[in-house]
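In: Just need the structure, nothing else, for what follows:
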Amino acid sequence: MVHASLFSQLASVNPALSACLRETAEFLAAPAATRLSEEQRALALGIARRLVGDSAAMLGGAVDSVALWADWSAQGLPGASQIAGLCFARAEEHRWREQSAPPGHDFGTVLPEGAASLAPVASAPAEDPLSEVDRSYLALRIADQRRFDALGHPAVAIDDLDPDLFRSLLLDIAAWALVQSGKDPAQAARLGEAVRGALARHDPARGIDAAAIAYHAALVAVGAQSDSAAAAIARHDWPALIALAAAAQKYRYADMALALITAEPAQLAPLLAPLLRDHGALAPLEGSLAMLANRAVASATPDDYAAALQARAATLGDGAGA
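Out: This next block holds a predicted model:
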C-alpha cells in the first residue's frame, strides 16, 4: 500500500517548499506572472506543456493540442493546483540530476553490467543471462527514460500519473475541446468515448513507481538493497536511489524525489534509514544536494520583514500606541 502524497506533509513543515509549490501553482494558473526564476518558469511550464500535450494525444485526433496549449498558456491551466506539485518535483529532480551528471551523460542509457542496450529487452530470449536484479534495474531505467521527450527534455510519463489526476486532466482537455466545437452533443459523445479509451490504456504497471517496487524487491530477495543504495549514491545514480528509497518507505517516486531534494542534511539519514547501514555513505548525496542552487530547504526561507511587521502589528492591536 502506498501512503498518501508527501507534498502536503512536506509543505506543512517546510515554509520554503510551501512557497515554491504555491508560486508554481500560481504561475501555472497565470503564466504571465514573474514570481519564479527564469529557470523555474521554463522547466515548470515546459513540463506542464508536455504533460498537457501528451494527455491530449491520448484522445486521438479529437483535440487540437497546439490550440489547446495556446489558449491555456494565455488564460491559465484549469487544473494548475493539481499538477503544480508534480511539475515542480519533476523540474527539481531534473535540475539535480543535470547538475550531477558528468559531461556527455545520457540519462536514459545507464545500464547494468552485461546489458548492451535498451532495445533488446522486449525480445530477450528465455536464456537471457541477466539476473533478476539486472532485469529489474533495466526496467527501472526504461521507465525513467519515458520521463523525457524525444529531445531529452524532462516530462511526466502518462503511466506515472495518479489515475484520478489523469482522469481530471483528460476531462479538462475534453471540456475545452467541447467548448471549441460549440458544445455539439455528437462531439460530446465522441470525446466521452475518447476519454474512456484513454483511461483504459493508462497502465501504471509500466510506470516508474511499479519499476521501483520491482527493483527494490529483487534486491531484498538477495539481501543487496543496502549495498545497492550506497553504490547508487557513490555513482550519483539518483533515479536508482530515489526508487529504492520510495519503495522502502512505500511512497511514490515523485514524493520521495521531492523529500530528498528539500531535506536538511540531518533529515537524510532518517529518510534513508530502511536502506543504509553506514551513514558515511551519505556524504556524496549531501554534497550533491548542497550544490543545488535555490533548493527549497526550510533553512533557505528568506527573511520577510514586511510579513513579520504585519504579524507583530496584528498582535499589538489598534490601541497599542495610545
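In: surely residue 88 meets residue 26?
Out: No - between residue 88 and residue 26 no contact is recorded; they are 11.7 Å apart, counting by C-beta atoms under 8 Å. All C-beta spots, glycine's among them, are computed from the backbone N, C-alpha and C.
In: List the contacts of the spatially most central residue of the chain.
Out: In the chain, the centroid-proximal residue (C-alpha atoms, centre = their mean) is residue 90; its distance is 3.4 Å. For residue 90, the contacting residues are 47, 147, 154-156, 254, by C-beta atoms under 8 Å, 6 or more residues apart in numbering.
In: Over to residue 56?
Out: With C-beta under 8 Å, 6+ apart, residue 56 has these contacts: 63, 65, 68, 173.
In: For residue 276, see how far away it is.
Out: Plainly put, residue 56 is 42 Å away from residue 276 if you go by C-beta to C-beta, to the nearest Å.
In: how far away is residue 72 from residue 158?
Out: Taken as C-beta to C-beta, the span from residue 72 to residue 158 is 18 Å.
In: before we move on, the earlier item: pLDDT at the residue nearest to the centre of the chain, what is it?
Out: We have a pLDDT of 96 for residue 90.
In: Just want to check the distance between it and residue 278.
Out: Distance of residue 90 to residue 278, given as C-beta to C-beta: 30 Å.
In: again, but for residue 216
Out: Distance from residue 216 to residue 278, by C-beta to C-beta: 19 Å.
In: Those two: which is more packed in?
Out: residue 216 (23 against 9; other C-beta atoms under 10 Å).
In: as a whole number, average confidence for the host helix or strand of residue 244?
Out: Assessed by DSSP states H and E, residue 244 sits inside helix 238-249. When pLDDT is averaged over helix 238-249, the result is 97.
In: does residue 238 really touch residue 98, like I thought?
Out: No - with contact defined as C-beta under 8 Å, residue 238 does not reach residue 98; the gap is 10.5 Å.
In: These two: which is more packed in?
Out: A direct count of neighbours by other C-beta under 10 Å for residue 238 and residue 98 places residue 238 higher, at 23 against 13.
In: Could you pull up the residues touching residue 207?
Out: Neighbouring residues of residue 207 by C-beta under 8 Å, 6+ apart: 143, 157, 159-160.
In: Now intersect the residues you listed with the helices, please.
Out: Among those, the residues falling in helices (DSSP state H) are residue 143.
In: Point out where the stretch 201-322 of the chain drops to low pLDDT.
Out: Along the stretch 201-322 of the chain, the model assigns pLDDT under 70 to residues 300-322.
In: and the closest residue to residue 57 other than its chain neighbours, how many neighbours?
Out: Once flanking residues are discounted, residue 57 sits nearest to residue 65: 6.5 Å by C-beta to C-beta, 6 or more residues apart in numbering. Neighbours of residue 65 under the rule other C-beta under 10 Å: 17.
In: Neighbour-wise, which one of the contacts of residue 56 leads?
Out: residue 173 (27 neighbours).
In: contacting residues for it?
Out: Residue 173 neighbours (C-beta under 8 Å, 6+ apart): 52, 55-56, 59, 63, 68.
In: of these, the lowest pLDDT goes to which?
Out: Among the contacts of residue 173, residue 63 has the weakest pLDDT, 90.
In: what's that one in contact with, if anything?
Out: Residue 63 neighbours (C-beta under 8 Å, 6+ apart): 56, 173-174, 176-177.
In: Inside helices: which ones of those residues?
Out: Filtering those for helices - DSSP H - leaves 56, 173-174, 176-177.
In: The closest residue to residue 14 other than its chain neighbours: what's it in contact with?
Out: Nearest non-adjacent residue to residue 14, counting by C-beta to C-beta, 6+ apart: residue 298, 4.5 Å away. Residue 298 sits next to 13-17, 262, 264 when contact means C-beta under 8 Å, 6+ apart.
In: if you set the cut-off to 7 Å instead, what comes out?
Out: Counting by C-beta atoms under 7 Å, 6 or more residues apart in numbering, residue 298 touches 14-16, 264.
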